[in-house]
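[1] this one's structure only:
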C-alpha cells in the first residue's frame, strides 16, 4: 500500500497517518524526520542539506528527493509507505512519480482529509497552553476541570499567538494556495480520494479504510 495523506492544519493528519500505517504495516514517513536524521547522522546528503539550512535557505528538491530515495530503499518500505506532508509542490510530486514508476511501484491513492473551514478554526483556536508546566488543553475536546487553570499545576492557561482566528485563517489561505496545484495534479491521475474527517478518530479511520479497501482488497 503506497499512500500520500493530504489535509489542512487541524485536519488530524498526524493521528490518521499513525493509524493507517499501523493498520497496513507500512512506515509513516515524514520528510522532516528524514531530513533531521540525515543531518544528525552526517550523511553526504545531510551535510549538503545542513549547508543550506545554516545559510537560512530552503533545502533544494534534489537533495530532499535523494533522501526520499534512500529512505524507500530500507526494508520496512518494501510493502509500501505513507507520506505525510510530502510532496509539497508539483515538481516534488513529479519527481516522486518518476521515482516510483522506475521502481515499478506507483502510488495507490492520495487521501485528502476533508474538514469544513469552521471546524478547523474551532479545533485550532480552542487550544490552550499552561504557562506553568506547558500542558496543552482544548476548550472543547479536552477542557480543564477549572476553566482557565491547569489541572496539573494550577497555572494560567493561555492561547498561543499562532492559534488566534486571524492567524489560523491566514494559515488556511496559504495552505490552499500551495496545495491546490498539487491536488489537481493527483486528481488528473485519478488518485485523489476525499475522506470526511469530521467525527471521532476511530470513525475517520474507518472511512479511510473503506477507501483504501478498493486498493488493498480488504
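    Now that the structure is in, tell me what you want to look at. Nothing here was measured: the structure is a model prediction, and the numbers come from that model.

[2] for this protein, which segments count as helices?
    13-24, 31-41, 44-54, 61-72, 90-102, 117-125, 165-188, 201-216 (DSSP state H).

[3] point out where the protein drops to low pLDDT.
    216-218 (pLDDT under 70).

[4] quick one: buried residues of stretch 198-211?
    For stretch 198-211, burial by neighbour count (16 or more other C-beta atoms under 10 Å) applies to 204-205, 207-209. Every C-beta, even on glycine, is put in place using the N, C-alpha and C of the backbone.

[5] closest one of those to residue 46?
    residue 208 (32.8 Å; C-beta to C-beta).

[6] out of everything not next to it in sequence, what's closest to that closest one?
    residue 195 (4.9 Å; C-beta to C-beta, 6 or more residues apart in numbering).

[7] thought that neighbour was touching residue 110?
    No: in this structure residue 195 lies outside contact range of residue 110 using C-beta atoms under 8 Å: 10.6 Å.

[8] who's in contact with stretch 115-126?
    7-12, 138-141, 159, 163-165, 168-169, 172, 197-198 (C-beta atoms under 8 Å, 6 or more residues apart in numbering).

[9] any idea how far it is from the chain center?
    In terms of C-alpha atoms, centre = their mean, to the nearest Å, the centre of stretch 115-126 is found 17 Å from the chain centre.

[10] thinking again about what came up before, could I get the helices of the chain in CSV, plus columns for distance to residue 83?
    Shown next, in CSV, are those (distance: least, C-beta to C-beta, whole Å):
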stretch, distance to residue 83
helix 13-24, 9
helix 31-41, 8
helix 44-54, 18
helix 61-72, 8
helix 90-102, 8
helix 117-125, 21
helix 165-188, 12
helix 201-216, 14
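
[11] so what pairs up with the closest residue in space to residue 14 that isn't next to it in sequence in the strands?
    Leaving aside its sequence neighbours, residue 14 sits nearest to residue 84 (C-beta to C-beta, 6+ apart; 7.1 Å). When assigned by DSSP bridges, residue 84 has beta-bridge partners residue 5.

[12] for residue 84, what are its contacts?
    5, 13-14, 17, 28-30.

[13] mind running it again at 6 Å?
    Applying C-beta atoms under 6 Å, 6 or more residues apart in numbering, we find residue 84 in contact with 5, 13, 17, 30.

[14] out of those residues, which is most surrounded?
    residue 5 (25 neighbours; other C-beta atoms under 10 Å).

[15] I figured that one hits residue 112, correct?
    No: using C-beta atoms under 6 Å, residue 5 is not in contact with residue 112, being 8.2 Å away.

[16] picking that back up, out of the contacts of residue 84, which comes closest to residue 151?
    For those, the nearest to residue 151 is residue 13 (27.3 Å; C-beta to C-beta).

[17] wait, isn't that closest one in contact with residue 7?
    Yes: between residue 13 and residue 7 there is a contact at 4.8 Å, judged by C-beta under 6 Å.

[18] got any residues that touch both of these two?
    Joint contacts of residue 13 and residue 7 (C-beta under 6 Å, 6+ apart) do not exist.

[19] coming back round to it: who's the residue nearest to residue 208 bridged to?
    Beta-bridge partners, per DSSP bridges, of residue 195: residue 113.

[20] ok, now how distant is it from residue 175?
    According to C-beta to C-beta, to the nearest Å, residue 195 and residue 175 sit 17 Å apart.
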